[in-house]
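Participant: Here you go, sequence then predicted model.
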Amino acid sequence: MESTTTFGVCPHDCYDTCGLRVTVDDGRVTRIAGDPSHPITQGFLCFKVNHYLDRLYHPERLLYPLRRVGPKGAGQFVRSSWDEALADIGPRLQAIRTRFGGEAILPYSFAGNMGLLASDSLDRRFFAALGASRLDRTICTASAGATARWMFGQSLGPDPETLPDVRLILLWGANPAATSVHAIPLLDEARRRGAWIVTVDPLATATARRFDQHVAPAPNSDVALALGLGHQLIQTGRLDNAFIAERTEGFAAYRQAALEWPLARTAAATGLAPETIAALADRLASTRPLLIRAGYGVQRQARSAEATWAIAALAVITGALADVGGGFLHGNGDAFPLAPLAVRGTASPPPRSINMIQLGDALTTLTDPPVAALIVYNSNPAATAPDQAAVLRGLQREDLFTVVHEQMPTDTTRYADWVLPAAMSLEVLDLHTSYWHRYIQLNRPAVPPPGEAVSNPELFRRLARATGLSDPALFASDEALLDELLANSADHPWLQGITRSRLMESPAQKIRLPQASRPFIDTPVRTPSGRIRLNPPPLADPPASDPDAERPFHLLTPSRRETIKSSFGNVARVRPHEPPTLLMAAVDMRSLGVQGGDSVRVHNAQGATVLTVRESAAVPAGTVVSYAVRWLDEAGGSNINQLTSQRLSDYGGGATFYTTRVSITSLG
């Protein structure tokens, strides 16, 4: 038996971006393990990827093109060929472009595969050549990213490998025990060396239970708590005034905002005891190095940008950025200064932009031109997009030509006119960066794609031919794309010497930014003035009214260890075996007269779904939790996104999943 081992990279939307050791015996992958030599992965994988073989060789894996033969939504298809598919798709797109213009074609994708070739290469060139509508990919961290760029000029934080040297760590809206398991050994080591770790989260998560202190503010009260802590620091005179004077601008505006949050008002807004707030402010002022890590729990709320600004400002006014390992960490995406692949033939003026959060409106209300063709890849919007009822109405339009490139039959493929089989990451060449650690990694194919499945770049090469496009840039090979991507940034000091040949020899390369480098102290502040901006970003006014504001329960829909949104939704050993569940505090269950196992209708102005109640001590009174996100076929035809809205955040156009209020009715 011939056995080989190949280095791969986990492609999923996760902080850890793990390095993999992939064992192949006689042409079949037989083992997927964490690379023991990888400083972050350290030889172990998360619960999900430990079962990745089940996904790779799933019996429902799509292997051939499928053509719809039944009504949209019924999931009725017949096997076809690539020639037949392209002979239909190409002329249909050409006809739509001729009749309505390129903007009538909408791509829809996100982070189902985080490889740079899979997510940001020939797809962008193809849609630019068509003059298609641009998709604003904002559903995850748009507000925090925009705020980081406002304050610092880029999204950059300390190297996670410095965590063991930090002495006070605030995990604000972060639950790494479920969503970033490779942070846990670093946090445990920090604690062994004397660190105090505080989890700021409305829920008593596994992370909150593991570490030293759990501070549980009311949902969406992050702005109040952060500014209230700032008020305490100002009033007690415990600021780093020299740092503020030397390196920032806009402190007067920050000071004015913070002084509006005295202790009593902060306690009332957050539900925290005044002494808890005062004691936390004292720790912030007295312990160094201090790191505030803001997770995605801070995101996806109506005031997410304001919250990110107020939290990050605490690291600035205390001077925490001056210490190795200290400061503020939301993301490290800009640690990889890779210039994007050149896109040619873009329309002038640029085509319209459509925010992916507002897909429901785009499919049901746009008329000038309408969205006449939808091409979906790296995403499952029927399950994951907000205002699900509007999205499904749009997907059911008979005049909407929908093409979905997928690995499995998903909720979205049920509405497709054509389903095209997609390769998985272990079957393709790609390059991966991380939004947490500082390793750039080459994913090498371990086995070829099965059946007639193709990679994302190959899909768009075929679509370009089918639509009669001829620019050679649309047909570049994967190897040429990698070389161009790396060559575009080869002169940047952080990427010196990181070439395809070097990555072939050693596929995980740490960027050339010293581990002890202090962001915005040893690296530039890329704001117009070169100073950190403490004045808030230009926040949008709140909407005049919220039809759900008076509903009794605040709904949170966080991630859990078993899934990454919908990506593992049909893997039996990974997906939860309980029905779609609503976690509630015992006091709320009593007030509604429901017991564990009862069915309830959860509803608001957006829609309704049916869930099974389960008591949870992790959930405070007045808050309910349903983990995101179940496939519709196991949730009675709807999931929790029936209740989330298309409303955008206060800055950056981000999602507001966590600003959702609901009513609950017992079904007996």
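Facilitator: Yes, it's here.
Participant: which SS class is the most centrally placed residue in the chain?
Facilitator: Centroid-nearest residue in the chain: residue 140, 4.0 Å away (criterion: CA atoms, centre = their mean). Of the three states, residue 140 takes coil according to DSSP: H, G, I helix; E, B strand; the rest coil.
Participant: Let me see the domain layout of this protein.
Facilitator: 3-56, 142-334+518-533, 553-666 (automatic domain parsing).
Participant: Which among those is found nearest to residue 380?
Facilitator: domain 553-666 (4.6 Å; CB to CB). Every C-beta, even on glycine, is put in place using the N, C-alpha and C of the backbone.
Participant: Return the list of helices and strands in contact with whichever helix in the chain runs longest.
Facilitator: Across the chain, the longest stretch assigned as helix under DSSP state H is helix 82-100. Packing partners of helix 82-100 (3 or more CB pairs under 8 Å, 6 or more residues apart in numbering; DSSP states H and E): strand 66-68, strand 105-108, strand 373-377, strand 401-406, strand 418-421, helix 456-466.
Participant: what's the spacing between that helix and its chain's center?
Facilitator: In terms of CA atoms, centre = their mean, to the nearest Å, the centre of helix 82-100 is found 32 Å from the chain centre.
Participant: Please put the alpha-carbon coordinates of it into CSV.
Facilitator: Provided in CSV are the C-alpha atoms of helix 82-100 (Å, rounded to 0.1, in the frame of the first residue of the first chain):
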residue,chain,number,x,y,z
TRP,A,82,-20.6,20.2,-17.9
ASP,A,83,-21.0,20.7,-21.6
GLU,A,84,-24.8,20.8,-21.3
ALA,A,85,-24.6,23.1,-18.2
LEU,A,86,-22.2,25.6,-19.8
ALA,A,87,-24.2,25.6,-23.1
ASP,A,88,-27.2,26.8,-21.1
ILE,A,89,-25.6,29.0,-18.5
GLY,A,90,-23.3,31.0,-20.9
PRO,A,91,-26.1,32.1,-23.3
ARG,A,92,-28.5,32.8,-20.4
LEU,A,93,-26.0,35.2,-18.7
GLN,A,94,-25.2,36.8,-22.1
ALA,A,95,-29.0,37.3,-22.7
ILE,A,96,-29.5,38.8,-19.2
ARG,A,97,-26.5,41.1,-19.7
THR,A,98,-27.9,42.2,-23.1
ARG,A,99,-31.4,42.9,-21.9
PHE,A,100,-30.7,44.5,-18.5
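Participant: can you list contacts of it?
Facilitator: With CB atoms under 8 Å, 6 or more residues apart in numbering as the test, helix 82-100 has contacts from 65, 67, 104-105, 130-131, 369-370, 372-373, 401, 403, 418, 420, 452, 462-463, 465-468.
Participant: how about the helices and strands packed on helix 82-100, which one is nearest residue 297?
Facilitator: That would be strand 105-108 among those, by CB to CB, at 25.4 Å.
Participant: quick one: terminal-to-terminal distance for stretch 423-438?
Facilitator: For stretch 423-438, the first-to-last residue distance is 27 Å (CA to CA, to the nearest Å).
Participant: hmm, who's touching stretch 599-612?
Facilitator: 386-389, 547-548, 551, 555, 578-582, 592, 594, 597-598, 613, 624, 626, 635-636, 638-640, 642-645, 660-668.
Participant: Now do the longest helix of the chain and strand 373-377, the angle between them.
Facilitator: Angle, helix 82-100 to strand 373-377, by axes from the mean of the first three to the mean of the last three CA atoms, to 10 degrees: 130 degrees.
Participant: how far away is the closest residue to residue 523 other than its chain neighbours from residue 417?
Facilitator: Leaving aside its sequence neighbours, residue 523 sits nearest to residue 517 (CB to CB, 6 or more residues apart in numbering; 6.3 Å). Separation of residue 517 from residue 417 (CB to CB, to the nearest Å): 51 Å.
Participant: ditto for residue 324
Facilitator: From residue 324 over to residue 417 (counting by CB to CB), the distance is 55 Å.
Participant: again with residue 455
Facilitator: 22 Å.
Participant: before we move on, back to that, can you select the buried ones among the contacts of helix 82-100 for me in ChimeraX?
Facilitator: To isolate the buried ones among those in ChimeraX, judged by 16 or more other CB atoms under 10 Å, type:
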select :65,67,104,105,130,131,369,370,372,373,401,403,418,420,462,463,466,467
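Participant: Cross the contacts of stretch 599-612 against strands and list the overlap.
Facilitator: 555, 581-582, 613, 624, 660-666 (DSSP state E).
Participant: Separate out the buried members of those residues.
Facilitator: Neighbour counting by 16+ other CB under 10 Å classes 555, 581-582, 613, 624, 660-662, 664 among these as buried.
Participant: Mind picking the two most distant members of these?
Facilitator: Longest span within those, CB to CB: 581 and 661, 19.1 Å.
Participant: which SS class is residue 148?
Facilitator: Assignment for residue 148 (three-state DSSP): helix.
Participant: That one and residue 331 touch, don't they?
Facilitator: Yes - here residue 148 reaches residue 331: they are 7.1 Å apart, a contact under CB atoms under 8 Å.
Participant: more neighbours, those two?
Facilitator: Per other CB atoms under 10 Å, whichever of residue 148 and residue 331 has more neighbours is residue 148, with 27 against 20.
Participant: What's the per-residue pLDDT of the more buried one here?
Facilitator: With respect to pLDDT, residue 148 scores 98.
Participant: residue contacts, the residue nearest to it when sequence neighbours are not counted?
Facilitator: Counting by CB to CB, 6+ apart, the nearest residue to residue 148 once its immediate chain neighbours are dropped is residue 155, at 4.3 Å. Residue 155 makes contact with 144-145, 148-149, 330-334, 435, according to CB under 8 Å, 6+ apart.
Participant: Tell me the secondary structure at residue 155.
Facilitator: coil.
Participant: Would you mind listing the buried residues in stretch 212-230?
Facilitator: Those would be 214-230, for stretch 212-230 by 16+ other CB under 10 Å.
Participant: again with stretch 8-20
Facilitator: 8-20.
Participant: Kindly check the end-to-end length of that stretch for me.
Facilitator: 5 Å.
Participant: Check stretch 264-277 too.
Facilitator: End-to-end distance (CA to CA), stretch 264-277: 10 Å.
Participant: What are the contacting residues of it?
Facilitator: Residues from elsewhere that reach stretch 264-277 (CB under 8 Å, 6+ apart): 215-218, 221, 224-225, 227-229, 231-232, 261, 263, 620.
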